[in-house]
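*Asks:* pasting the sequence and the predicted coordinates here, then a few questions.
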Amino acid sequence: MVPPGKAGLLGLLCLLAVFDSGCLLDNGMLFPRESSSRELKELNGLWSFRADRSPNRKQGFERAWYKQRLAETGPVIEMPVPASYNDITQDATLRNFIGWVWYEREVVLPARWLADETTRVVLRVGSAHYYAMGWVNGVKVLEHNGGHLPFEAEISRIIRKDPTMPCRITIAVNNTLSLETLPPGIIKYMDDRTQYPDGYFVQSIFFDFFNYAGIHRPVLLYTTPKAYVNDITVVTDFLDDIGFVKYTISVKGAVTANMKVSLMDKSGKSVACSNEQTGVLKVANVQLWWPYLMHDNPGYLYSLEVRLMAADERATHEDVYTLPVGIRTVKVTSTQFLINNKPFYFHGVNKHEDSDIRGKGLDWPLVVKDFNLLKWLGANSFRTSHYPYAEEILQMCDRHGIVVIDECPGVGIKDIRSFGNNSLGHHLDVMDELVRRDKNHPSVVMWSVANEPAAEMPPAEFYFKILIRHTKGLDPTRPVTYITASNFARDKGAPYVDVLCVNSYFSWYHDPGHTEVIPIQLNTQFENWYGKYQKPIIQSEYGADAVSGLHSDPPMMFTEEYQKVVLQNYHDVFDQKRKQYVVGELIWNFADFMTAQGLIRVVGNKKGIFTRQRQPKAAAFLLKDRYWRLANETVHLAKALYCTEGTAFTAV
């Protein structure tokens, strides 16, 4: 028992202990934002494009294509950025192309960028799949290993060498996957000349989605002063009605600097301020960040404005950067997942960055449509299966209160050679980049370090023990998981994670057509996992393929009716176990998506409850009814307005 009057002091001591228990990465990649001191120039649109079709795919380097206009090296075509290049043309060889492709664009820069030497100019690529190099006016400035995450470089000196020249940006991208990439793959050479032409090879992959390639997210130029805010890290907590925002600001380009840090509410009113580079801001009458459908004011964001003033012998530099901040906590017990000390139940989806024509390219109409469908559905969460999604999508989640399990590209780790030291080193680097990019998003509540690896292999336990501990060290404020298959006896990573995420496809990949076995097998799965590890469980994948418009009664596989029956059988068990230790259910999948061609896929994976064009199947209406009912039940509302449109939800 805590003596009366001591509870507040004890809570504050516990809070400070959490703040001191670890350190998030403070060397950052702040999302580019315009301010009074920063300008942006987006380079989205049409770029010149050429695939290197030489036998060794190295002609572009051997002949130094980056030293001249790309059109002078050979035939080029127009290619949109951001977009995957695979489905843009009618060329089947480009759709399945493996190797180096080259992009180029010439940019006219503002005169003040070229004249003012106190201004830094930075080239940033949101993501390029998989390995990328970049040049400006023939000078190499960028090199990045891994898709899905941003990379950048300062180019100020290069563009000022000859201010009369246009800024020519060349980016080469290679989508080849090896046993040491994430995700991994193998290049197979077909040497039988009676069956295959000379030099014939194919890319073998171990994951069930199409290996889209290209520049998938925005490319832009942005400026900062010579002395600038390099990174901001925030960690939040609250006690009663007082919020706490611990912040650390990293500055570059200045030995000493003065700053003003202001936290403002939605109306623009300052609620806390400081002049220190690191500290804790206290917020009276705090408005917490709540998930969608868990509160009548979800996704509340404050704004942390940092004003930096620094001087050298030549000039005074002022930099202004504003970071959205959501004040919330995440905790895990042996049976519950808690957000703001309240039980949270994940009722959501798995997704893919995937759509017609643009592949994995960021597309704003599609993003907004998906969020409208998520809210219509009553979904409160999703997992970024099976790679980090665009920063813009996470910002939408912050604003709308959609909870995110943030997953790295560790999918398809099936070969024992992918558990070596080089692979582990790359995997650790990817987690560094992921946490550095997404550490300040209130919507991100958990890190996922892998999906369905071959955990039964001898090196797996050491590999994941190191990986999970490393990730916890990067961010001690969020739990860590990895997504495992249903065979609990062989698992090597579960002892080290905080939440168990389990994928299973009973009556689909196992006992196909026999939905009557789902309740027994699913109950056994849950009891085995919880009995062994005593940790909360999320059913992170379940489902069945359904071809839109295909019907059968009695239900048969691949019909909309069969998909519904599978879901209903799972839901019956979820309703029993969510009262004990199951803390979530994520359907596979939100929408149909493209895969490599194969005998079990009919123009892609059809497990979506929406088609690839975002039209609902029968299962979408079943899930919508369930998710709205769960929302009403799990928050114990005295009154709730259930609207068939899925847009009205008020708590009284």
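*Replies:* Here it is on my side, so go on.
*Asks:* ok, for residue 489, nearest residue in space, not its chain neighbours?
*Replies:* Sequence neighbours aside, residue 528 is the residue nearest to residue 489 in space, at 7.9 Å (criterion: CB to CB, 6 or more residues apart in numbering). Using the backbone N, CA and C atoms, a C-beta is placed for each residue, glycine as well.
*Asks:* you'd agree the one you found is up against residue 490?
*Replies:* No: applying CB atoms under 8 Å as the test, residue 528 and residue 490 come out as separate, 11.7 Å apart.
*Asks:* which residue of the two possesses the greater neighbour count?
*Replies:* residue 528 (15 against 12; other CB atoms under 10 Å).
*Asks:* helix or strand: which one has the residue nearest to residue 489?
*Replies:* Using DSSP states H and E, residue 528 sits within helix 518-533.
*Asks:* hey, where'd the strands end up in the stretch 101-250 of the chain?
*Replies:* With DSSP state E, counting those that start in this stretch as the criterion, the stretch 101-250 of the chain has strands at 119-125, 128-129, 131-136, 139-145, 151-154, 167-174, 185-189, 201-205, 214-215, 219-225, 228-239, 242-252.
*Asks:* okay, the ones you listed in TSV with mean neighbour count and distance to residue 467 next?
*Replies:* Below are those laid out as TSV (neighbours: other CB atoms under 10 Å; distance: least, CB to CB, whole Å):
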stretch	mean neighbour count	distance to residue 467
strand 119-125	22	26
strand 128-129	28	22
strand 131-136	22	21
strand 139-145	16	17
strand 151-154	16	22
strand 167-174	23	25
strand 185-189	14	20
strand 201-205	15	21
strand 214-215	28	28
strand 219-225	22	31
strand 228-239	22	22
strand 242-252	20	25
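*Asks:* show me the contacts for residue 340.
*Replies:* Residues in contact with residue 340, defined by CB atoms under 8 Å, 6 or more residues apart in numbering, are 238, 288, 289, 290, 328, 329.
*Asks:* can we see that at 10 Å?
*Replies:* With contact taken as CB atoms under 10 Å, 6 or more residues apart in numbering, residue 340 is in contact with 237-238, 288-291, 294-295, 327-331.
*Asks:* if I look at the residue nearest the centre of the chain, how far off is residue 370?
*Replies:* Closest to where the C-alpha atoms of the chain average out (CA atoms, centre = their mean) is residue 388, at 2.6 Å. Separation of residue 388 from residue 370 (CB to CB, to the nearest Å): 16 Å.
*Asks:* strands of the stretch 401-550 of the chain, start to end?
*Replies:* Assigned by DSSP E, counting those that start in this stretch, the stretch 401-550 of the chain shows strands spanning 403-407, 444-451, 480-484, 500-503, 537-541.
*Asks:* can you add mean pLDDT, distance to residue 232 and mean neighbour count and give those strands back as TSV?
*Replies:* Putting these into TSV (pLDDT from 0 to 100; distance: least, CB to CB, whole Å; neighbours: other CB atoms under 10 Å) gives the following:
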stretch	mean pLDDT	distance to residue 232	mean neighbour count
strand 403-407	98	18	25
strand 444-451	97	15	25
strand 480-484	95	23	26
strand 500-503	97	30	24
strand 537-541	98	30	25
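*Asks:* in TSV: the ones you listed, plus distance to residue 208.
*Replies:* What follows is the strands of the stretch 401-550 of the chain, written out as TSV (distance: least, CB to CB, whole Å):
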stretch	distance to residue 208
strand 403-407	15
strand 444-451	10
strand 480-484	13
strand 500-503	12
strand 537-541	11
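*Asks:* residue 45 is nearest to which of those strands?
*Replies:* strand 403-407 (29.3 Å; CB to CB).
*Asks:* name every strand pairing with that closest one and say which way it goes.
*Replies:* Strand 403-407 pairs in its sheet with strand 381-383 (parallel), strand 444-451 (parallel), by DSSP bridges.
*Asks:* quick check: mean pLDDT across whatever helix or strand comes next after the first one?
*Replies:* This points to strand 381-383. Where DSSP H and E defines the elements, the next helix or strand beyond strand 381-383 is helix 391-400. Computed over helix 391-400, the mean pLDDT rounds to 98.
*Asks:* just the angle between helix 391-400 and strand 444-451, please?
*Replies:* Interaxial angle, helix 391-400 versus strand 444-451 (axes from the mean of the first three to the mean of the last three CA atoms, to 10 degrees): 140 degrees.
*Asks:* and residue 114, what does it touch?
*Replies:* So residue 114 contacts 121, 156, 159, 160, 162, 163, 164, 165, 167 (CB under 10 Å, 6+ apart).
*Asks:* quick check: closest non-adjacent residue to the last one.
*Replies:* Counting by CB to CB, 6+ apart, residue 107 is the residue found nearest to residue 167 once chain neighbours are left out, at 4.5 Å.
*Asks:* the one you found reaches residue 44, doesn't it?
*Replies:* No: in terms of CB atoms under 10 Å, residue 107 does not count as a neighbour of residue 44; the distance is 11.7 Å.
*Asks:* quick one: residue 443 from residue 183, how far?
*Replies:* Distance, residue 443 to residue 183, by CB to CB: 24 Å.
*Asks:* tell me the mean pLDDT over stretch 106-113?
*Replies:* On average, stretch 106-113 scores 94.
*Asks:* ok, stretch 554-570 next?
*Replies:* Predicted confidence along stretch 554-570 averages 97 (mean pLDDT).
*Asks:* mind listing what's buried along it?
*Replies:* Across stretch 554-570, burial judged by 16 or more other CB atoms under 10 Å covers 555, 557, 559-567, 569-570.
*Asks:* just the CA coordinates for that stretch, please, in CSV.
*Replies:* This file holds the C-alpha atoms of stretch 554-570, laid out as CSV (Å, rounded to 0.1, in the frame of the first residue of the first chain):
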residue,chain,number,x,y,z
PRO,A,554,-22.5,-24.4,-49.2
PRO,A,555,-19.3,-22.3,-49.0
MET,A,556,-16.3,-23.4,-51.0
MET,A,557,-12.7,-22.2,-51.0
PHE,A,558,-12.0,-18.9,-52.9
THR,A,559,-15.7,-17.8,-52.6
GLU,A,560,-16.8,-14.8,-50.6
GLU,A,561,-18.9,-17.1,-48.4
TYR,A,562,-16.0,-19.2,-47.5
GLN,A,563,-14.0,-16.2,-46.4
LYS,A,564,-16.8,-15.1,-44.2
VAL,A,565,-17.1,-18.5,-42.5
VAL,A,566,-13.4,-18.7,-41.8
LEU,A,567,-13.5,-15.2,-40.2
GLN,A,568,-16.6,-16.1,-38.1
ASN,A,569,-15.0,-19.2,-36.7
TYR,A,570,-11.9,-17.2,-35.7
